[in-house]
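Asker: Dropping a prediction and its sequence here:
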Amino acid sequence: MPAEQEKALREKAKEQLGTFLDECNVRDFRGKRILEIGFKNGLFLDECRKVDLIPSGLDVVKAYYDAVRSQFPYLEALLYDGGAFPVPDASFDFVVSFQVLEHVTSIEHILGECVRVLRPGGIMYHVFPNYNSFYEGHYAVVWFPFLNKTSGRRYLKLLRRDPAGFEDINPVKPRDVVRALDLYKDKLKVLSLGRAEFINKFNQHQIDKVNQKLLRIVLKGVLVIPLIKKGLLNLIARTNLYYPITVIAQRL
């Protein structure tokens, strides 16, 4: 990986770690165990290690697993087959993922495994796209909340975009997440689905990450008109049009 690219990705990993700790109000984390689902380049795990968290990671892509084992031999990187997490029950204080749950076949299964491996009082934190919003980040296009898997393919074809990449995407919406979490309501306390986090993070830095010119212009327009901003952001949050979904839940 080129040095400049690694530097940018490491800064992103640092930001993800800081945001996780802040949004979950985690202050006492040193010496705690954290599991990342979908470690990819391993940089988030390495940043966790630097602040005295004890990190482990799972990934289904063998190329990522091999690369991380080679570059960071001191990290616990585990190759995952999509079934049960290869770790014991109640063995982690935190479980996190970033832009992963839209790629899994069953969020119910993944959330169930998170519940299983979390210790009492442990926190799960998942950030992933909201397909009830107006943005699709993988293709960097304006999206529409009513699109499902089939209509999403047709829409991408109309835009002359190859829909092949959409085959591996599960277009999750907040109602899907609520139903999945409800299966574990006797074991979890749901703290957030990301509405407050969306409002709190609506700033120039976050808008600059939107890789779609028209939508970025609209969002910048909202940002500079304070009287409109507050009411509009609350409306977007209440109607589940916010982006992304951020699941924060605590193991009972």
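Answerer: In hand now; what should we look at?

Asker: Would you mark the buried spots in stretch 106-124?
Answerer: 107-108, 110-118, 122-124 (16 or more other Cβ atoms under 10 Å). Quick note: C-beta positions are derived from backbone N, CA and C, even for glycine.

Asker: From the chain's centre, how far out is that stretch? Work that out for me.
Answerer: 15 Å (Cα atoms, centre = their mean, to the nearest Å).

Asker: Equivalent analysis for stretch 79-89, please.
Answerer: Taking mean C-alpha positions (Cα atoms, centre = their mean), stretch 79-89 and its chain are 19 Å apart.

Asker: Kindly report the same for stretch 191-199.
Answerer: 13 Å.

Asker: so for that stretch, what's the average pLDDT?
Answerer: In this model, stretch 191-199 has an average pLDDT of 97.

Asker: Sketch out the helices for the stretch 151-252 of the chain, chain order is fine.
Answerer: 174-182, 195-200, 204-207, 213-223, 226-238 (DSSP state H, counting those that start in this stretch).

Asker: so which of these gets nearest Asn132?
Answerer: helix 174-182 (5.9 Å; Cβ to Cβ).

Asker: buried ones in the closest one?
Answerer: Quick answer for helix 174-182 (16+ other Cβ under 10 Å): 174, 176-177, 180-181.

Asker: cool, stretch 77-95 as well?
Answerer: 77, 80, 85, 87, 92-95.

Asker: Among the residues you listed, which one lies nearest to Arg153?
Answerer: Using Cβ to Cβ, the buried residues of stretch 77-95 come closest to Arg153 at Tyr80, 27.5 Å.

Asker: what residues are up against that closest one?
Answerer: For Tyr80, the contacting residues are 37, 58-60, 86, by Cβ atoms under 8 Å, 6 or more residues apart in numbering.

Asker: one more time with 6 Å, if that's ok
Answerer: 58, 60 (Cβ atoms under 6 Å, 6 or more residues apart in numbering).

Asker: now it: how far from Asn170?
Answerer: Noted for Tyr80: a distance of 17 Å to Asn170, by Cβ to Cβ, to the nearest Å.

Asker: cool, Gly112 as well?
Answerer: 16 Å.

Asker: Kindly reformat the buried residues of stretch 77-95 as JSON lines containing secondary structure and pLDDT.
Answerer: Below are the buried residues of stretch 77-95 laid out as JSON lines (DSSP: H, G, I helix; E, B strand; the rest coil; pLDDT from 0 to 100):
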{"residue": "Ala77", "secondary structure": "strand", "pLDDT": "98"}
{"residue": "Tyr80", "secondary structure": "coil", "pLDDT": "97"}
{"residue": "Phe85", "secondary structure": "coil", "pLDDT": "98"}
{"residue": "Val87", "secondary structure": "coil", "pLDDT": "98"}
{"residue": "Phe92", "secondary structure": "strand", "pLDDT": "98"}
{"residue": "Asp93", "secondary structure": "strand", "pLDDT": "98"}
{"residue": "Phe94", "secondary structure": "strand", "pLDDT": "98"}
{"residue": "Val95", "secondary structure": "strand", "pLDDT": "98"}
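
Asker: Could you identify the most distant pair in those residues?
Answerer: Maximum distance among the buried residues of stretch 77-95 (Cβ to Cβ): 19.6 Å, for Tyr80 and Asp93.

Asker: what residue ranges in the stretch 1-150 of the chain score low on pLDDT?
Answerer: 1 (pLDDT under 70).
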